[in-house]
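Student: Show me how the following folds:
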Amino acid sequence: KKFNDDGHELVAEIQLQKSTEDEFADISNSDSPSETAGTLESQTRNLFQLDYIRPIDKNTQFEFGYRGNFNQMDTDYTLEFYENGDYVLDTDLSNNLIYKEYINAAYSQFGSKLNKFSFLMGLRMESSRITINQVTTGDLEKKNYVGLFPTVNLSYEISENQSFTLGYNRRIRRPRSRFINPFPSRTSSTNIFQGNPDINPSYSNSFDLGYLNRFGKLTFNSSVYFQHATDVFTFITEDTGDTVIVGGIEVPVIRRFPINLATED
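Tutor: Take a look at the predicted model:
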């Protein structure tokens, strides 16, 4: 909806998406019965967004909006091993996970230009609700968190051809559903991947200082960038204590899973 020709408008957007993906694999070695693994996955992703833009004058503009992401993934993983002429379901590794991620965000930003100085400042508040439903075992886990994410962009024009910019923003990186699923899945008899339902999102603060200079038809653009992230996702491996026989040799079974381990610069 355009209220006038000066940029005063209201914009709504809706996206609805559904997808499916099936994967099958055979796992075998000479010392153990062959296995077959299958993953049936269906996913829905729905987006609702509303933006209101109001120019105050030719150098000043105000915006606010809402964005909702509602995602759901259903993953059905089965592992069968060959025994006595038939494939038998492994109930310890087969599982069905329903993962829901609902994110509601409200945000606003205000920008203006005063002579050679201009700024754009924004703030976003996000509420995240995650549900991890292990249908196979009946376990249900929920994680809820709220965060504030400011953005600041400053610019100063030294001349028509030269300018400095300074920017700051705070961001969130959420773990994927595979990182959270506590049921193990494996690509071989000796390697298991397992998600961690206690893993938390990673947060980062970024700073950017830029300089731009135009020499006729040539433009020189440079920047210095720094980012500090906390609770970074890191994959570690450990010995499960179990062993299998491969090529006549007893080999340990290794488990790989993500944790919030460290900071990153």
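
Student: ok, for residue 214, nearest residue in space, not its chain neighbours?
Tutor: residue 161 (4.2 Å; CB to CB, 6 or more residues apart in numbering). Placement of C-beta: from N, CA and C, glycine included.

Student: State the phi and psi torsions of that neighbour.
Tutor: Main-chain dihedrals, residue 161, degrees, to the nearest 10: phi -110, psi -10.

Student: That one touches residue 217, doesn't it?
Tutor: No. Here residue 161 lies out of contact with residue 217, judged by CB atoms under 8 Å, at a distance of 11.7 Å.

Student: List the beta-bridge partners for residue 65.
Tutor: When bridges are called by DSSP bridges, residue 65 pairs up with residue 51, residue 107.

Student: Just give the number of residues close to it.
Tutor: 19 (other CB atoms under 10 Å).

Student: My guess is residue 154 contacts residue 167. True?
Tutor: Yes. In this structure, residue 154 is within contact of residue 167 by CB under 8 Å, at 7.4 Å.

Student: okay, and the helix or strand of this protein with the least pLDDT?
Tutor: strand 185-188 (a mean of 75; mean pLDDT, DSSP states H and E).

Student: now for this protein, which residue lies nearest the mean position of the chain?
Tutor: residue 174 (4.2 Å; CA atoms, centre = their mean).

Student: Do a quick rundown of the helices in the protein.
Tutor: 177-180 (DSSP state H).

Student: for it, what's the longest strand?
Tutor: Within the chain, and with DSSP state E defining each element, the longest strand by residue count is strand 218-246.

Student: before we move on, the earlier item: and the pLDDT at the residue nearest to the centre of the chain?
Tutor: Note for residue 174: predicted pLDDT of 89.

Student: Roughly how far does the nearest residue to it once chain neighbours are set aside sit from residue 121?
Tutor: With CB to CB, 6+ apart as the criterion, residue 174 has its nearest non-adjacent residue at 4.8 Å, and that residue is residue 201. The gap separating residue 201 from residue 121 is 24 Å, by CB to CB, to the nearest Å.

Student: What's opposite residue 100 in the beta bridge?
Tutor: Counting by DSSP bridges, residue 100 is bridged to residue 72, residue 131.

Student: repeat for residue 167
Tutor: residue 153, residue 208.

Student: show me the contacts for it.
Tutor: 151, 152, 153, 154, 206, 207, 208, 209, 210 (CB atoms under 8 Å, 6 or more residues apart in numbering).

Student: let's see it at 10 Å
Tutor: Shown in contact with residue 167 (CB atoms under 10 Å, 6 or more residues apart in numbering): 120, 151-155, 206-210, 223, 225.

Student: Please indicate which of these are buried?
Tutor: Neighbour counting with 16 or more other CB atoms under 10 Å marks 120, 151, 153, 155 as buried within those.

Student: Tell me the one among those residues nearest to residue 26.
Tutor: residue 151 (49.5 Å; CB to CB).

Student: I'd guessed the closest one sits against residue 122; true?
Tutor: Yes. Look at residue 151 against residue 122 with CB atoms under 10 Å: they come within range, at 4.2 Å.

Student: can you list residues touching both of these two?
Tutor: The contact sets of residue 151 and residue 122 overlap at 107, 109, 169 (CB under 10 Å, 6+ apart).

Student: Show me the shaky parts of this protein.
Tutor: The chain contains residues with pLDDT under 70 at 29-33.

Student: Strands of that one, start to end?
Tutor: Using DSSP E, the strands of the chain run over residues 9-29, 32-57, 60-83, 86-89, 95-114, 117-134, 139-157, 162-173, 185-188, 191-193, 202-215, 218-246, 249-264.

Student: and those strands as TSV, adding distance to residue 3?
Tutor: Below are the strands of the chain laid out as TSV (distance: least, CB to CB, whole Å):
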stretch	distance to residue 3
strand 9-29	6
strand 32-57	9
strand 60-83	13
strand 86-89	61
strand 95-114	18
strand 117-134	22
strand 139-157	26
strand 162-173	30
strand 185-188	53
strand 191-193	53
strand 202-215	34
strand 218-246	36
strand 249-264	45
